[in-house]
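**Q** please work out how this folds:
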Amino acid sequence: MRDRLDLYAVTAQTELDGLRATMAEREKETRDRGAAGSPQASLAGGGDANRLSGVGRANVPWGTDPFLAFVWITNSPMLTVLRRILRPTSGSSGERRRLVLVRIGSFEEYAEFVARTGREYASRRRFERGLIANRGAFAVDGWCVVCQREAQFQVNFEYSHEVDGELTPNWRERLICPHCGLNNRMRASMHILQQECAPPSGAALYITEQTTSLFRALHHRYPGIVGSEYLGDSQRRGPADRDGIRNEDLTQLTFESARFDHILSFDVFEHVPEYRTGFGECLRCLKPGGKLVFTVPFTKERSTLVRARKNGDGSIVHLLSPEYHGDPLSEAGCLTFYHFGWDLLDDLRRLGFCSVGALLYWSVEFGYLGGGEQMIFVASKPEAA
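**A** Modelled structure (predicted):
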């Protein structure tokens with residue numbers, strides 16, 4: 001039985017390797033025609049070449065679409081079962097591919113990237129639409145980097161919205177691992193932190209949340225991490241209150257300068273009226289060479305969309321219909337002041353950050369789906385600062 005399974009696994013892997021080799025050859029042909037030097041996307045988040053055409057056979061599940069061929073082979077149930085049976089017991093993370101990240105530094109770079117990868121993104125979206133055909137709860141097989149194990153990421157239509165007239169899951173907040181309880185964006189943030197920053201367990205980290213499952217997962221891995229919530233101006237800022245919650249205002253952090261190796265903030269800055277001041281405080285508190293890793297609502301347009309303003313007297317002027325995001329400490333939610341655009345990266349550079357960029361990713365293997373791409377931002381404090 002074991003020998004037969006070995007043969008099946010080798011056959012499946014050989015077909016996959018052959019497809020990858022062909023994709024690489026086609027990409028080389030594309031580069032030879034003068035396409036080298038532009039941002040590249042990766043198929044299924046696995047680092048493979050772009051825009052392959054003509055791969056596949058008649059009467060196969062993917063038809064004539066090469067992207068779906070790659071996705072089908074790498075995610076076929078049989079191959080998943082065989083890998084589970086045949087994987088060495090060590091379970092080392094080295095057995096898994098790195099998450100491919102595409103760095104984009106400006107609106108112009110992104111526009112060029114989209115023009116070059118439109119067909120791939122269309123294929124990714126078709127794949128995602130195929131998963132939601134029955135409009136019921138479902139699971140997507142993959143590998144949880146946090147748990148270091150295979151998982152069936154759970155998806156339902158909570159917080160769903162319509163895309164091109166079709167009800168679509170909130171991919172970013174779904175794809176929940178049943179073992180660690182972390183969703184798509186949370187797992188990806190830990191993955192990218194590990195891959196881009198590689199902090200040791202004793203690293204000095206700060207994250208702008210403290211009552212979430214993501215903080216608990218990070219605290220388990222990095223016991224010295226400092227977390228906080230914004231409890232309002234009426235509460236003393238700094239040391240934790242009687243419930244163990246630290247109150248911090250991003251625009252007036254209480255930490256000494258150059259305190260942290262890295263700072264993490266996920267979906268917070270859109271709620272800060274003076275967001276530039278908040279980013280400046282993060283820069284101050286980072287050690288030279290430290291990185292700020294963060295996410296915000298992002299329009300992918302050139303300019304930031306301002307939804308509301310806060311006057312000097314504390315009153316709010318709504319320029320668009322009020323939008324509130326979930327707040328773990330308040331049922332009222334948090335008012336959203338901004339949906340950021342590419343000009344945010346220019347703001348960060350003017351403040352003194354370097355190596356500023358958006359990291360684009362999408363992976364079936366790791367369960368990072370949604371809209372053809374997901375995005376996280378990274379900015380560094382100069383070494384000489």
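**Q** rest of the way, CA atoms for contacts and neighbours
**A** Noted.
**Q** can you tell me how far residue 227 sits from residue 260?
**A** From residue 227 across to residue 260, the span is 12 Å (CA to CA, to the nearest Å).
**Q** got phi/psi on residue 265?
**A** Residue 265 adopts backbone torsions of phi -150, psi 120, taken as degrees, to the nearest 10.
**Q** pLDDT below threshold where in the stretch 151-300 of the chain?
**A** Along the stretch 151-300 of the chain, no part satisfies pLDDT under 70.
**Q** the strands in it, which residues?
**A** Under the criterion DSSP state E, counting those that start in this stretch, the stretch 151-300 of the chain contains strands at 161-163, 166-168, 205-207, 226-227, 260-266, 286-295.
**Q** each with direction, which strands does the shortest one pair with?
**A** What that stands for is strand 226-227. Sheet pairing of strand 226-227 (DSSP bridges) gives strand 205-207 (parallel).
**Q** re the thing from before, I'd like the strands of the stretch 151-300 of the chain laid out as JSON lines, including distance to residue 238 and mean neighbour count.
**A** Output for the strands of the stretch 151-300 of the chain, formatted as JSON lines (distance: least, CA to CA, whole Å; neighbours: other CA atoms under 10 Å):
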{"stretch": "strand 161-163", "distance to residue 238": "39", "mean neighbour count": "11"}
{"stretch": "strand 166-168", "distance to residue 238": "41", "mean neighbour count": "16"}
{"stretch": "strand 205-207", "distance to residue 238": "13", "mean neighbour count": "23"}
{"stretch": "strand 226-227", "distance to residue 238": "11", "mean neighbour count": "21"}
{"stretch": "strand 260-266", "distance to residue 238": "15", "mean neighbour count": "22"}
{"stretch": "strand 286-295", "distance to residue 238": "17", "mean neighbour count": "22"}
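**Q** next, format those as TSV and append distance to residue 382.
**A** As requested, these are exported to TSV (distance: least, CA to CA, whole Å):
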stretch	distance to residue 382
strand 161-163	40
strand 166-168	41
strand 205-207	18
strand 226-227	23
strand 260-266	12
strand 286-295	5
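**Q** tell me the domain ranges of the protein?
**A** What automatic domain parsing lists as the domains of the chain is 1-86, 184-380.
**Q** now do the last one: distance to the chain's middle.
**A** In terms of CA atoms, centre = their mean, to the nearest Å, the centre of domain 184-380 is found 13 Å from the chain centre.
**Q** mind saving the C-alpha coords of stretch 114-128 as CSV?
**A** Extracted in CSV, the C-alpha atoms of stretch 114-128 (Å, rounded to 0.1, in the frame of the first residue of the first chain):
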residue,chain,number,x,y,z
VAL,A,114,-2.2,45.6,-12.8
ALA,A,115,-1.8,46.1,-16.5
ARG,A,116,0.6,43.2,-16.7
THR,A,117,-1.3,40.8,-14.5
GLY,A,118,-4.9,41.4,-15.3
ARG,A,119,-5.5,38.0,-16.8
GLU,A,120,-4.0,36.2,-13.8
TYR,A,121,-6.2,38.2,-11.4
ALA,A,122,-9.3,37.4,-13.4
SER,A,123,-8.4,33.7,-13.1
ARG,A,124,-7.9,34.1,-9.3
ARG,A,125,-11.3,35.7,-9.0
ARG,A,126,-12.9,32.9,-11.1
PHE,A,127,-11.4,30.4,-8.7
GLU,A,128,-12.8,32.3,-5.7
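**Q** what mean pLDDT does that stretch have?
**A** Averaging pLDDT along stretch 114-128 yields 91.
**Q** for it, buried residues please.
**A** 114, 116, 117, 120, 121, 123, 124, 125, 127, 128 (16 or more other CA atoms under 10 Å).
**Q** could you do stretch 190-203 as well?
**A** 190, 191, 192, 193, 197.
**Q** contacting residues around residue 312?
**A** Listed by CA atoms under 8 Å, 6 or more residues apart in numbering, the contact set of residue 312 is empty.
**Q** quick check: pLDDT value at it.
**A** Turning to residue 312, the model gives it a pLDDT of 88.
**Q** ditto for residue 46
**A** Looking at residue 46, its pLDDT is 43.
**Q** quick one on the thing from earlier: any chance of the buried residues of stretch 114-128 in CSV, with distance to residue 166 too?
**A** CSV is the format used below for the buried residues of stretch 114-128 (distance: CA to CA, whole Å):
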residue, distance to residue 166
114, 23
116, 26
117, 23
120, 20
121, 17
123, 17
124, 16
125, 12
127, 14
128, 12
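**Q** nice, that's everything, thank you.
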